[in-house]
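Enquirer: This is a predicted model, with the sequence first.
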Amino acid sequence: MAENKTNDAVQHEFLGLDKASLRRSLLNRLTYSVGKEPITATVRDWFHAVAFAARDRLIEHWMETQRSYYREDAKRVYYLSMEFMIGRMLANSLLNMGFFDNCRAVVQELGVDFDAMREIEEDAALGNGGLGRLAACFLDSLATLAIPSYGYGIRYEYGMFHQDIENGGQVERPDNWLRYGNPWEFPRTDLLYKVNFYGRVVHYKDDDDVYRYHWMDTAEVMAMAYDTPVPGFGNNTVNNLRLWSAKATRDFDLRYFNSGDYIKAVGDKSESESLSKVLYPDDTTTMGKELRLKQQYFFVSASLQDILFRYQKTHKEFDQLPDKAAIQLNDTHPSVAIPELMRLLVDVHGLDWDRAWDITGRTFSYTNHTLMPEALETWPLAMFERVLPRHLQIIYEINQRFLHDVMHRNPGDVELLRRVSIIDEDSGKRVRMAHLAMVGSHRVNGVAQIHTDLMKRTTFADFERTYPGKIINITNGITPRRWINQANPALSALISAHIGAAWKTELGQLEKLIPLAEDEAFRKAFMSVKQANKASLAGYIREQLKVQVNADSLFDVQIKRIHEYKRQLLNLLHVVTRYNRIRSGQTAGLVPRTVIFSGKAAPGYATAKLIIKLINDVADFVNNDPAVQDLLKVVFLPNYNVALATDIIPAADLSEQISTAGTEASGTGNMKMALNGALTIGTMDGANVEIGEAVGWDNIFIFGLNIEEVASLQQRGYNPWDYYQACGELRQALEMIGSGYFSPDEPQRFRSLVNDLTHGGDRFLLLADYAAYIEAQEKVDALYSKPDEWAHKAILNVAQMGKFSSDRSIREYAEKIWQVKPVPQK
C-alpha cells in the first residue's frame, strides 16, 4: 500500500476544459501524436487529435478513480460479456465529461466541420444486437453511479459484419473497424496471460496424500489487454473496459523457419491469433463451433487470471474474494468461467474443493437473456473434452455433487435428476451451459418481469422448486445519456429548458413533463423537434437509397435483428394489405405512412436473409407504383448499428415490438423509441408489458395473443390453414408473396416463406395474430389523424419512462445481487 500513498502524494494539475486549454491541446496532439500541421491535416487527422485530447482528460480521472478503489479496498463488479456494442465514443465522452460545447466551438474556430469529423469515427460494433448494447449501457451506468467495476470482453479485429444490400439481398463484408487505428484504447503489452487448450490431464497425490490434477501438453495462446476508459456522467468517475486480443506465444517456430518452411513457421501464429479475429464465427461447421468455444474460454480465462492477480495485490487468502469481487455472467457465453475459477483455485492455488466451491458460488451471478431452446447454449461432450479436458472433469464433479443434493431434497424423483443435470443425456450427450450457470451462481436474474415469471414456470421451473428465491427479476434499462441526451439533443434541450437537467441521471424526473402534456405550446415545441428529426432522417434516406419519403407521414419503425420470432414478416403482411387497400381505392382512414426496416440477419440464417430480400422486393413495387404516391413508402436501411440507431430512433413515430408473446426476453429498442416520443405497437411480450403499465394502456397499442392464450392455442392444436381460409385480406397478401407478384423474375422465390406459414406450422403464430395486428394498425391511423392527441400521448410516453433507465437496473443489481457500494470521486 506504500506505493499507493506515494501516488496520492503527487500533486497533479488537471488539464483544462476551457476553450484556450482545449485549443492548445488539440494543436499539440495534431502535431505530436498525429504528426500533421493544420494546413495539411485531413478530417480524420483532426478526429484523432480531438480523440487524443479527450482521452488525455479521461485518463487523468481514470487513474484517480483506480487509486481511490485501492484506497477504499472497494468491492468491484466484473461484467463478463462476449459482446460490447459501444458504438462511437467521441460525443459520448465529451458530453459525459462536460466539454462538448467548448470542444465543438474550438474545432469550428480551427476551420473544421465538427459534425463531419464526428461522422469519421468508426462504429465499434463488437456485438450482435441487444445483448452487446445492454452491456455498453450498463458500463455507462456503472461509471455514472460511481460503482467500482470492470468490463471484460474480446477485442475482435473484425466486428459484426458490414451489411450491404445488393439486388435486394444481404451481402456480408468484413467490418475492419480498426483499419485506421483506435485512439481510445491503451495497448497493455506488458499485461499478458497464458491461456491453454487441448492436452491431457494427469492426477497424482501430493505430500499430504491429496489428489492433485495437472493439465499438460497443451496448446498455448497469450491474451493481451487493451484498455478503454469509460466515463461516468458529470462525476469524474472513469471505469475501465478491458478487451483481450489473442497473441501467439512465439512469433514463429524456428525449426520450421530454419528448414525453409516459412508458411508452416507462421501458420501456428496465425491460428493462435484467429481467436480474436471475428465476432461470432460461423458455427454451422464443427470448426466454427470449436472456435466459438475457444473464444469463450479464451476471454474468460484471461479475465479470471486478471481478477485474481488484482485481488492478490492486497489480499493473501482467497476467502474474502466474494466480498471483494462480484462477477456477472452476461448470458451463457461466459459460463465456462465457473469451472475455470474452480480450476484456478483448486489446481493452481491448492484450495480444497469445498472451500473453492463456496468461494465460487458466492462470487458468480448469471443473467439469462432467452428461453428459446435453440438459444440456450450447449456443447457436444466430445468437443468439450477435446478442447478443455480438465474443465469437463470439473463439470462432472460439480454435476455429481449437485445431483446428490437434489436427490436428497427430492428422494426418488429420478426424472427430475435427468431434467436438471448439467449433462444432457438425451441429445447426444451435451454440456448444458445454462444449467452450469444456474448451479454455479448465487443469484440468477431474468430481464423483464414476464420473462422472469416464465423462467420460474417453464424452462427453469425445476431449479426454482429446488432452490426457491434464487431466480429474481431485474428489468433491463437504457442509458439516457446515449439514447436521448446524445441521440436527440433538441429534445434533450427542450426537456431541460422546462424541468432542468437532473433527469439525465435521475430519469424519474421526467414525470415533471406530465402537466406539460396539457400545454399547447409545449406540445407544439415537442412535435417541432420530432418533425425536424424526421426531416433529417428523410434526407438520409434520400441520400442513401434515392427514395423520396414524406417527412409529414407517420414513420413506422422496426429496427432489430432479423429473426422469425421478431416477426418482421407480420409487419410486411400489414404493408402488403395496406398496399392492396390503396390500390383498390379503400383509402378512407389511411394516413400517409413510411415503413422503415433495419437489421442484420445471421450469415447462415437463410430464412432471415430471404425476409430481407422480400422487404426490398415489396419496397421496390410499392415505392414505384404511381397509384400509391405518398400514402405508403417502404425502406430498408442497410448496416444497422449504434450510429444508425441514433439517427432513426429520434425520428420514429411508431415503434414496432411485435414478437410472439413469450419469445422476447425484454427488448430495449422499445424503451429507446418510447423515451424519444414514439408510441409502441406491440404484443404482451418482454418489457412491452412493463412499458404499458408505466405509460398507461391508453398510450400504447397492444394486440394479439398473450402468453396464456399462446399456450392454450398450441395445446389445442394450432392450424394456421384455418386462419388463412377465414381471412380474405390475409389470403390475398400471402398469395401475392407466394405466387411471385413481387418477384416476377423468380416467381417461386418466396414460396417457402408462405409454405412455412400455411403448411409448416407457423411456429410464431403470425396468422393467428394477423387480424388483431391489422385492427391495431387501424387504431394507429385513427390517432395519427388527430395530431394534438398523438402529441399528448407521445409526451406522456416520454414522461413515464423513468423506470427504464439502466441506472435503475444497475442500482438493483448492486443492492440485490452484488452487494457493492459506490465510491464517489471528488
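Expert: Received, thanks.
Enquirer: ok, Asp115 to Leu345 distance?
Expert: 52 Å (C-beta to C-beta, to the nearest Å). The C-beta positions use only the backbone N, C-alpha and C, and glycine is treated the same way.
Enquirer: and if you look at Lys470?
Expert: To Leu345, Lys470 is 22 Å away according to C-beta to C-beta.
Enquirer: What is the neighbour count of the residue lying closest to Lys429 once chain neighbours are set aside?
Expert: Spatial nearest neighbour of Lys429, chain neighbours left out: Leu381 (4.2 Å); criterion: C-beta to C-beta, 6 or more residues apart in numbering. Leu381 has 17 neighbours, counted by other C-beta atoms under 10 Å.
Enquirer: which ones are touching Leu381?
Expert: Leu392, Ile423, Lys429, Arg430, Val431 (C-beta atoms under 8 Å, 6 or more residues apart in numbering).
Enquirer: now do Thr249
Expert: Lys194, Glu220, Val221, Met222, Ser272.
Enquirer: Regarding the second one, which helix or strand does it belong to?
Expert: Mapping Glu220 onto the secondary structure by DSSP states H and E places it in strand 219-231.
Enquirer: Okay, now the sheet partners of the helix or strand following that strand, with direction.
Expert: Downstream of strand 219-231, the next assigned helix or strand under DSSP H and E is strand 238-248. Sheet pairing of strand 238-248 (DSSP bridges) gives strand 149-154 (parallel), strand 219-231 (antiparallel).
Enquirer: what's the most buried one of those strands?
Expert: The highest average neighbour count among those, using mean count of other C-beta atoms under 10 Å, belongs to strand 149-154 at a mean of 26.
Enquirer: Contacts for that strand, please.
Expert: By C-beta under 8 Å, 6+ apart, strand 149-154 touches 76-84, 126, 135, 139, 142-143, 230, 239-245, 276, 279, 295, 298-299, 302-303, 306.
Enquirer: out of Lys470 and Leu345, which sits in the more crowded spot?
Expert: Using other C-beta under 10 Å as the criterion, Lys470 and Leu345 rank with Leu345 on top: 22 against 18.
Enquirer: that's a helix at the more buried one, yeah?
Expert: Yes: under DSSP: H, G, I helix; E, B strand; the rest coil, Leu345 sits within a helix.
Enquirer: Surely it touches Trp353?
Expert: No: if you go by C-beta atoms under 8 Å, Leu345 and Trp353 don't touch, sitting 9.1 Å apart.
Enquirer: now the angle between strand 238-248 and the lengthiest helix in the chain, please.
Expert: Secondary structure of the chain read by DSSP state H shows that its longest helix is helix 43-72. Angle of helix 43-72 versus strand 238-248, following axes from the mean of the first three to the mean of the last three C-alpha atoms, to 10 degrees, is 110 degrees.
Enquirer: Buried ones in helix 43-72, by neighbour count?
Expert: Buried residues in helix 43-72, counting neighbours by 16 or more other C-beta atoms under 10 Å, are found at 45-55, 57-58, 60-62, 64-66, 68-70.
Enquirer: Likewise for stretch 365-385?
Expert: 365-371, 376-381, 384-385.
Enquirer: Stretch 461-478 now?
Expert: 462-464, 466-467, 470-478.
Enquirer: I'd like the average pLDDT over stretch 599-607.
Expert: Mean pLDDT, computed over stretch 599-607, is 94.
Enquirer: How far off centre is stretch 169-181?
Expert: Relative to its parent chain, stretch 169-181 has a centroid offset of 19 Å by C-alpha atoms, centre = their mean, to the nearest Å.
Enquirer: buried residues in that stretch?
Expert: Buried residues in stretch 169-181, counting neighbours by 16+ other C-beta under 10 Å, are found at Gln170, Asp175, Trp177.
Enquirer: Among these, name the ones in strands.
Expert: With strands taken from DSSP state E, the overlap with the buried residues of stretch 169-181 comprises Gln170.
Enquirer: what's the closest of the buried residues of stretch 169-181 to Asp18?
Expert: Trp177 (32.7 Å; C-beta to C-beta).
Enquirer: where does the residue nearest to the closest one when sequence neighbours are not counted land in three-state SS?
Expert: Of all residues beyond its chain neighbours, the one nearest Trp177 is Glu122 (4.4 Å), with distances taken as C-beta to C-beta, 6+ apart. Assigned state for Glu122: coil (three-state reduction, three-state DSSP).
Enquirer: Quick check: phi and psi at Glu122.
Expert: Taking degrees, to the nearest 10, you get phi -70, psi 150 for the backbone angles of Glu122.
Enquirer: Now do the contacts for it.
Expert: With C-beta under 8 Å, 6+ apart, Glu122 has these contacts: Arg88, Trp177, Leu178, Arg179, Tyr180, Asn182.
Enquirer: separation between it and Asp73?
Expert: Taking C-beta to C-beta, one finds Glu122 at 38 Å from Asp73.
Enquirer: Just the CA atoms of stretch 523-535, as CSV, please.
Expert: Output of stretch 523-535 as CSV, limited to C-alpha atoms (Å, rounded to 0.1, in the frame of the first residue of the first chain):
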residue,chain,number,x,y,z
ARG,A,523,-46.9,20.1,-27.4
LYS,A,524,-46.2,22.3,-30.4
ALA,A,525,-42.5,22.6,-29.5
PHE,A,526,-42.3,18.8,-28.8
MET,A,527,-43.7,17.9,-32.2
SER,A,528,-41.5,20.5,-33.9
VAL,A,529,-38.4,18.6,-32.6
LYS,A,530,-39.9,15.3,-33.8
GLN,A,531,-40.6,16.9,-37.2
ALA,A,532,-37.0,18.2,-37.5
ASN,A,533,-35.7,14.7,-36.7
LYS,A,534,-38.0,13.2,-39.3
ALA,A,535,-36.8,15.7,-41.9
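Enquirer: mean confidence for that stretch?
Expert: 98.
Enquirer: Kindly report the same for stretch 685-704.
Expert: Average pLDDT, stretch 685-704: 97.
Enquirer: Between the two ends of that stretch, how far is it?
Expert: Distance across stretch 685-704, first residue to last, is 10 Å (C-alpha to C-alpha, to the nearest Å).
Enquirer: How many residues are close by Gln629?
Expert: When counting by other C-beta under 10 Å, one arrives at 11 neighbours for Gln629.
Enquirer: re the thing from before, can you tell me which of the contacts of Thr249 comes closest to Ser335?
Expert: Ser335 has its nearest neighbour among these in Val221, at 20.3 Å by C-beta to C-beta.
Enquirer: Tell me the bridge partners for that closest one.
Expert: Val195, Ala248.
Enquirer: Which stretches in the stretch 351-500 of the chain count as helices?
Expert: Along the stretch 351-500 of the chain, counting by DSSP state H, counting those that start in this stretch, helices occupy 353-363, 381-387, 389-409, 414-420, 433-440, 449-457, 461-466, 480, 489-499.
Enquirer: Residues touching the fourth one, excluding its own?
Expert: With contact meaning C-beta under 8 Å, 6+ apart, helix 414-420 is reached by Phe402, Leu403, Val406, Met407, Asn410, Glu425, Asp426, His435, Asp462, Phe463, Thr466.
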